[in-house]
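>>> coords please:
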Amino acid sequence: MKVFVLTENNAGAVTAAEHGLSYLIEHEGIRILFDTGQSDLFVKNAAIMGVSLTDIDFIILSHGHFDHGNGLEHLPGGTLICHPGCFIKRYRGSDHSYIGLKFSKEELESRFNLITSEEPYRISGSAVFAGEIPRITPFESQKTSFLLEDGTPDFVADDSALFFTLPQGIFIITGCGHAGIVNTIEHALNVTGAEKIFGIMGGFHLKEDDRQTNETIRHLAKTKATHIIPSHCTAGPALARFRTTFDSRPVRTGDILTF
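Coordinates of the predicted model:
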């Protein structure tokens with residue numbers, strides 16, 4: 001499996017960055033675009049990297065935040081898979097700024113073959129869209145800084161992920177990890193029936209060196225995963241703990257990873 005980092009918070013040597021995420025994943029002849037960032041940066045960086053975006057088999061939207069899905073306007077169409085809750089209006093609690101998608105469901109349906117699913121959705125023999133991730137741990141998804149249009153807390157129930165079954169175990173790709181990394185891992189094992197986590201990369205949505213970060217690290221250590229790559233929305237204090245424990249480093253735009 002190969003992952004091309006098109007959009008991330010950290011810039012590469014010749015590729016720019018923005019607050020957002022977009023990965024192109026190639027596996028067993030299938031090409032999947034996972035998120036699109038908030039602008040056309042993923043298109044520009046793909047061109048610099050010599051990566052074609054004209055023959056994408058599936059587009060996955062991890063959740064309905066602007067920094068993961070607003071780049072969709074720079075695609076001509078295709079098969080788009082996401083949770084049905086991606087289209088709700090949502091806001092930042094601190095200043096009430098809008099942080100949802102700029103498109104309605106109807107607008108995307110007019111341009112894409114839109115597939116929405118709360119349940120796990122099999123993309124190929126070895127790739128599964130997670131659907132809605134159950135919140136089961138007592139230390140994840142307990143608080144949120146986001147609001148829905150009616151002012152109630154938004155715990156981003158539409159947050160999803162991709163699960164790949166590799167010979168070495170399950171490899172998980174997350175967008176932001178709003179559902180919680182441990183919740184996501186447990187869901188991956190339940191959905192796939194696998195016993196081994198080989199790797200996990202993407203946004204972990206961990207900010208501080210706090211209980212959630214430390215419990216997540218403890219659980220990840222128990223999995224003995226080979227690759228633990230927190231990026232995007234994983235903040236400095238949490239990243240420092242991951243680097244100390246696992247020698248983890250966030251990816252940069254322009255990176256090409258092979259697993």
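>>> Next, work out how far apart the residue of the chain positioned farthest from its centre and residue 88 are.
No residue in the chain sits farther from the centre than residue 150, which is 26.2 Å out by C-alpha atoms, centre = their mean. As judged by C-beta to C-beta, to the nearest Å, residue 150 and residue 88 stand 10 Å apart. (C-beta placed from N, C-alpha, C; glycine too.)
>>> ok, now residue 227?
Relative to residue 88, residue 227 is positioned 33 Å away (criterion: C-beta to C-beta).
>>> cool, residue 254 as well?
Distance of residue 254 to residue 88, computed by C-beta to C-beta: 33 Å.
>>> most centrally placed residue in this protein?
residue 175 (1.4 Å).
>>> picking that back up, what about the residue farthest from the centre of the chain, which SS state?
coil (DSSP: H, G, I helix; E, B strand; the rest coil).
>>> Compare neighbour counts for residue 254 and residue 88 and give me the winner.
Counted by other C-beta atoms under 10 Å, residue 254 and residue 88 do not tie: residue 254 has more neighbours, with 20 against 16.
>>> which residues does the more buried one contact?
By C-beta atoms under 8 Å, 6 or more residues apart in numbering, residue 254 lies in contact with 5, 12, 13, 14, 15, 45, 48, 49.
>>> Counting neighbours, what do you get for the third one?
Read that as residue 13. A count of nearby residues for residue 13, using other C-beta under 10 Å, gives 7.
>>> give me every residue that touches it.
Listed by C-beta under 8 Å, 6+ apart, the contact set of residue 13 reads residue 254.
>>> Next, residue 214: secondary structure please.
Under three-state DSSP, residue 214 comes out as helix.
>>> Look up phi and psi at the spatially closest residue to it that is not a sequence neighbour.
Closest residue in space to residue 214, ignoring its immediate chain neighbours: residue 241 at 7.2 Å, by C-beta to C-beta, 6 or more residues apart in numbering. In terms of degrees, to the nearest 10, the main-chain angles of residue 241 are phi -70, psi -40.
>>> Settle this for me: residue 241 is touching residue 212, isn't it.
No: using C-beta atoms under 8 Å, residue 241 is not in contact with residue 212, being 11.0 Å away.
>>> Just to check, residue 215 is in contact with residue 181?
No: in this structure residue 215 lies outside contact range of residue 181 using C-beta under 8 Å: 9.7 Å.
>>> and those two? which has more neighbours close in?
Taking other C-beta under 10 Å, residue 215 and residue 181 do not tie; residue 181 has more neighbours (29 against 17).
>>> Provide a list of residues in contact with that one.
Contacts here follow C-beta under 8 Å, 6+ apart; on that basis residue 181 touches 140, 174, 200, 204, 206, 216, 219, 220.
>>> try 6 Å this time
204, 216 (C-beta atoms under 6 Å, 6 or more residues apart in numbering).
>>> That one and residue 9, how far apart?
For residue 181, the distance to residue 9 equals 17 Å [C-beta to C-beta].
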